[in-house]
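S.K.: Sharing a sequence plus its predicted fold:
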Amino acid sequence: MCKSTPDRWFPPPTGFYKANFAGVLLPEENAIGIGVVVRNEKVEFMAGLSLKMYGPLDAEYIQVSAAMEATKFVGECGFFDIIVEGDAANIINALVEGKRDMFAKHGYLFEDVYRNLGDLCRLGGFFHIGEPGNRVAHELARHARFVSEASDNYLAWLEDPPEFLEPSLAVDECSSAVQSNADQKDEKAGANS
């Protein structure tokens, strides 16, 4: 089953990285924007990607392509213990259930998702998150409109996030800290009863 997460981002468990992905239509470019952000359990930005692609402009293609590019990116960056999270519930459910045939015309992209993970990665799972909790990946996807052919249609960042992401990263960091404090209070209350 695909476990839905709340509309805010939570860090992965210790020892894992979390890759959030999003795909958006860039109508003014007649293109697709894909964003991927990788963070660790300490809520630290590890890597990010803004990619501009050209291809079918249907929603399924955009979201499956985003999942495929996310898994490709994490492998290229060397993140091997990974949780993959996106806001396209139908795509996440198909990946979780292994139902590549649900989207027959884009089934080859599903195969690429699994191939990218291959034997090198320890997959912690595919999870759905509401769009508000996936804001950082969406910002990277929308930023793809600024990516040029001179940069091979992508920009990538390792460890140091681009300035435009800092406010959204700070929101996620604060909400994670608030949740962590609430969890600690619950644990203390449980221990005292």
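M.R.: Now that the structure is in, tell me what you want to look at.
S.K.: contacting residues for the nearest residue to Arg145 once chain neighbours are set aside?
M.R.: Counting by Cβ to Cβ, 6 or more residues apart in numbering, Arg145 lies nearest to Leu26, which is 5.1 Å off, once chain neighbours are set aside. Heads up, the C-betas are built off the backbone N, CA and C, glycines and all. Leu26 is in contact with 32-33, 52, 142, 144-145, counting by Cβ atoms under 8 Å, 6 or more residues apart in numbering.
S.K.: same check, this time on Glu173
M.R.: Per Cβ under 8 Å, 6+ apart, neighbours of Glu173: Val43.
S.K.: where does it fall, phi/psi-wise?
M.R.: Note on Glu173: its backbone torsions stand at phi -60, psi -40 [degrees, to the nearest 10].
S.K.: quick one: it from Leu51, how far?
M.R.: 25 Å (Cβ to Cβ, to the nearest Å).
S.K.: out of the contacts of Leu26, who's nearest Glu166?
M.R.: Minimum distance to Glu166 across the contacts of Leu26 is 15.6 Å, recorded for Arg142 (Cβ to Cβ).
S.K.: Surely the closest one forms part of a strand?
M.R.: No - using DSSP: H, G, I helix; E, B strand; the rest coil, the assignment for Arg142 is helix, not a strand.
S.K.: re earlier: and the buried ones among the contacts of Leu26, selectable in ChimeraX?
M.R.: With 16 or more other Cβ atoms under 10 Å as the criterion, this ChimeraX line picks the buried residues out of those:
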select :32,33,52,142,144
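S.K.: Fine by me, we can end here.
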